[in-house]
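> Sequence plus the predicted model coming up.
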Amino acid sequence: MKRTTAVPSPYNGMHVGIIMDGNGRWANARAMPRTAGHRAGVRTVRKIIEAATRAGVGTMTLYAFSSDNWSRPTPEVSALMRLLRRSLQVESKRCLENGVRLTVVGRRDRLPSPLLRVIQEAEAVTAHGRNLHLRVAIDYSARESIMRAASLAGADATNRERFAALLAQANHDPFPIRDVDLLIRTGGEQRLSDFLLWECAYAEFYFTRRMWPEFTEEEFLKALVDFEARERRFGGVPAAAAS
Ligand code: IPE
Ligand code: IPE
Ligand code: MG
């Protein structure tokens with residue numbers, strides 16, 4: 001799937017956020033441990049990264065581990081940290097081959113150092129990727145990142161653009177990130193769970209009852225097509241009424 005220049009596509013430049021939920025329930029329904037669900041979820045991640053690259057999506061942010069997920073039982077947290085390290089190692093190679101830039105958003109000071117090293121390596125080797133900017137949210141809390149950005153602002157008079165730049169700095173993003181256009185959540189819940197609160201101000205939402213391990217490229221494309229049919233008004237009036 002190697003491609004060095006982005007193809008023209010209706011989704012070019014679009015930012016898709018995904019709350020990858022339902023790994024544990026998927027595993028429980030099959031009498032498997034929750035960690036087996038997380039492993040199955042990694043396979044879906046790979047398929048969806050490839051699908052997003054092919055579709056010409058500009059930015060995709062995947063919610064992999066929330067700051068509130070530290071409250072899970074220690075064995076599950078440890079298994080997730082190991083799985084994140086291994087999969088970032090493998091996926092960063094695929095990202096490099098496919099022109100995908102991989103960066104990680106969230107706090108870094110509480111991550112195990114082997115994971116931190118893999119993150120830094122993955123970010124360095126994929127830094128020239130131009131087909132898709134893939135952001136993986138690990139130890140991420142939208143409220144905390146907004147507070148960190150606010151504290152960076154200090155006494156500075158601020159505006160939205162300046163604040164977006166501070167938010168990028170607080171998130172370890174290489175540059176200010178475009179607002180989310182489409183937010184997908186699998187697993188049947190219809191909530192944000194502290195994901196991209198600022199960036200989702202005008203996001204379109206797509207909720208599916210499908211658990212993350214069974215989410216497919218087909219349904220991802222269905223969500224994109226569904227998005228195309230929405231009329232975004234950003235507080236204005238419908239286009240027809242304006243003319
Ligand atoms: C999402 O699946 C993955 C993470 C939060 C790490 P869950 O682990 O939340 O799965 P459910 O929601 O319990 O089924
Ligand atoms: C959100 O899912 C976090 C991730 C998908 C990484 P959770 O399963 O943690 O969210 P809640 O607890 O159902 O709100
Ligand atoms: Mg969940």
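Cool, the structure landed. Numbers count the residues shown, from 1 in each chain. Ligands and ions are numbered 1, 2, ... in the order given.
> residue contacts, residue 210?
22, 186-187, 219 (CB atoms under 8 Å, 6 or more residues apart in numbering). For every residue, glycine as well, the C-beta is placed using N, CA and C.
> Hmm, I typed the wrong one, I wanted residue 13.
Per CB under 8 Å, 6+ apart, neighbours of residue 13: 58-59, 178.
> Could you do residue 156 as well?
residue 162 are the contacts of residue 156 under CB under 8 Å, 6+ apart.
> rewinding a little: which one among the contacts of residue 13 gets closest to ligand 2?
Distance ranking of the contacts of residue 13 against ligand 2, using CB to the nearest ligand atom, places residue 59 first at 17.9 Å.
> Specify the beta-bridge partners of that closest one.
residue 15, residue 133 (DSSP bridges).
> Return the distance of residue 27 relative to residue 41.
The gap separating residue 27 from residue 41 is 9 Å, by CB to CB, to the nearest Å.
> Could you do residue 23 as well?
Taken as CB to CB, the span from residue 23 to residue 41 is 4 Å.
> Name the secondary structure element that contains residue 139.
strand 132-140 (DSSP states H and E).
> anything in that strand sitting right up against ligand 2?
No: using CB under 6 Å from any ligand atom, strand 132-140 stays clear of ligand 2, coming no nearer than 7.3 Å.
> what about stretch 104-121, distance to the chain center?
Centre-to-centre, stretch 104-121 and its host chain are 16 Å apart (CA atoms, centre = their mean, to the nearest Å).
> Leaving out the residues flanking it, which one is nearest to residue 79?
Distances taken as CB to CB, 6 or more residues apart in numbering place residue 35 nearest to residue 79, at 4.4 Å, with adjacent residues excluded.
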